[in-house]
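Student: Pasted the sequence and its predicted model underneath.
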Amino acid sequence: MWKSVKSFTLLGKRWKFRNVPPSKCIQVENGKIKKLDGYVKHDKQIVAISTGVEGCDRLETVIHEALHAAFPWMREWIILAAAEEIARLLWRLGYRNIDELDLDVKR
Ligand SMILES: [Zn+2]
């Protein structure tokens with residue numbers, strides 16, 4: 001399980017953060033169901049991340065959706081590239097979800 005964050009501020013706007021099951025993280029496009037790792041609802045100011053995404057992919061998804069929330073005009077290919085590279089950098093620097101670490105010592 002991930003640290004519980006209910007809301008956050010991004011560029012002065014208040015957003016709700018939701019962990020959603022993969023079954024609720026879908027999009028219907030041309031009659032076909034498309035699985036998503038996350039999504040943004042600008043009208044309700046919600047950033048949602050699938051609970052089915054873990055590790056560096058989850059870090060990348062959070063960055064990706066936060067970029068969509070902050071810069072709705074930004075093109076998808078830019079967000080894809082930026083989120084991937086920022087996530088890779090943070091991962092190399094050791095940023096992890098505390099619950100994903102295999103800690104032997106209790107704090
Ligand atoms: Zn996107």
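Tutor: Cool, got the structure. Numbering: from 1, shown residues only.
Student: which residues pair with residue 16 across the strands?
Tutor: residue 7, residue 46 (DSSP bridges).
Student: quick one: strands adjacent to the least confident helix or strand in the chain by mean pLDDT?
Tutor: Lowest by mean pLDDT, DSSP states H and E among the helices and strands of the chain is strand 26-29, with a mean of 90. Strand 26-29 has the following strand partners under DSSP bridges: strand 32-35 (antiparallel).
Student: gap between residue 49 and residue 38?
Tutor: 4 Å (Cβ to Cβ, to the nearest Å). Using the backbone N, CA and C atoms, a C-beta is placed for each residue, glycine as well.
Student: Residue 11 too?
Tutor: 18 Å.
Student: mind listing the helices for this structure?
Tutor: Under the criterion DSSP state H, the chain contains helices at 55-70, 76-92.
Student: give me every residue that touches residue 49.
Tutor: 17-20, 25, 37-38, 58, 61-62, 65 (Cβ atoms under 8 Å, 6 or more residues apart in numbering).
Student: Revised request: answer the last question for residue 70.
Tutor: 10-11.
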